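Undergrad: sequence first, predicted coordinates after that:
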Amino acid sequence: MTSDAPDPAAREAGAPPKDSEKARERNARRGPLQIELEVSRQRSAGWTVFGLVLGALLVWKLGTVGVWAGFALIAAGLYHAWNLAQTFRHPPGTIVVSDTSVTLPRGLCVPNPVVVAASEVTAVYFLRRSVPWNHAAPVLVIELGEKAMAFPRDWFASESDQRHVVHALLRDKLNAPDPAGEPDAK
């Protein structure tokens, strides 16, 4: 029975694991990771109805200040109605991580995803505390050089889907030798 654990002496010397090629072959056989995002229409539908109905009542029945508040609610209702319409026009999006490329949706139900080489991903991490009040924690952040893309927990079926994306993006970076020719120092 063979073990997939690297040789401890080689690990201490800073050499890459002997079987890192085997691990890469195993990962290549698995194929690309595909995580489909989830869309919840209830929030947009609720804000649409609330904004349009209450806004219209305020405009109809109140004075100047109430009319302005009504117009603000109507504008918010129209914005959420547009978001609701987008959920019917476009699929939620899919995160695809393969050995050579990464496909990331630009947002929920937004067409034309971002496709980059896997080497262009500079960092992957979770934000657990510094999260906007209107998003559920944790937020998955994927940095592509100067650009960062955020994927809130609300967009995934489960938190484990977020972790699968992190592990897939870090899988090759941890097994790959340093591009300068020196082995990874871990």
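TA: That came in fine, so what should we check first?

Undergrad: show me the helices in this protein, by range?
TA: 8-13, 20-30, 41-61, 64-89, 159-175 (DSSP state H).

Undergrad: residue 121: which of those helices is closest?
TA: helix 159-175 (5.6 Å; Cβ to Cβ). Any C-beta I mention is one placed from the backbone N, CA and C, and that applies to glycine too.

Undergrad: what's the domain layout of the chain?
TA: 41-89, 93-175 (automatic domain parsing).

Undergrad: could I get the ones you listed as a markdown table with distance to residue 33?
TA: As requested, the domains of the chain are exported to a markdown table (distance: least, Cβ to Cβ, whole Å):
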| stretch | distance to residue 33 |
| --- | --- |
| domain 41-89 | 24 |
| domain 93-175 | 4 |
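
Undergrad: mean pLDDT for the ones you listed: which is lowest?
TA: Of all the domains of the chain, the minimum mean pLDDT falls on domain 93-175 (a mean of 85).

Undergrad: off-centre distance for it?
TA: 3 Å (Cα atoms, centre = their mean, to the nearest Å).

Undergrad: closest one to residue 104 among the helices of the chain?
TA: Of the helices of the chain, nearest to residue 104 by Cβ to Cβ is helix 159-175, at 9.3 Å.

Undergrad: for the closest one, name the packing helices and strands.
TA: The elements that helix 159-175 packs onto, with contact taken as 3 or more Cβ pairs under 8 Å, 6 or more residues apart in numbering; DSSP states H and E, are helix 20-30, strand 33-36, strand 94-97, strand 123-127, strand 139-144.

Undergrad: that older thread, and the domains of the chain as CSV, adding mean neighbour count and distance to residue 34?
TA: Below are these laid out as CSV (neighbours: other Cβ atoms under 10 Å; distance: least, Cβ to Cβ, whole Å):
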stretch, mean neighbour count, distance to residue 34
domain 41-89, 15, 20
domain 93-175, 15, 5
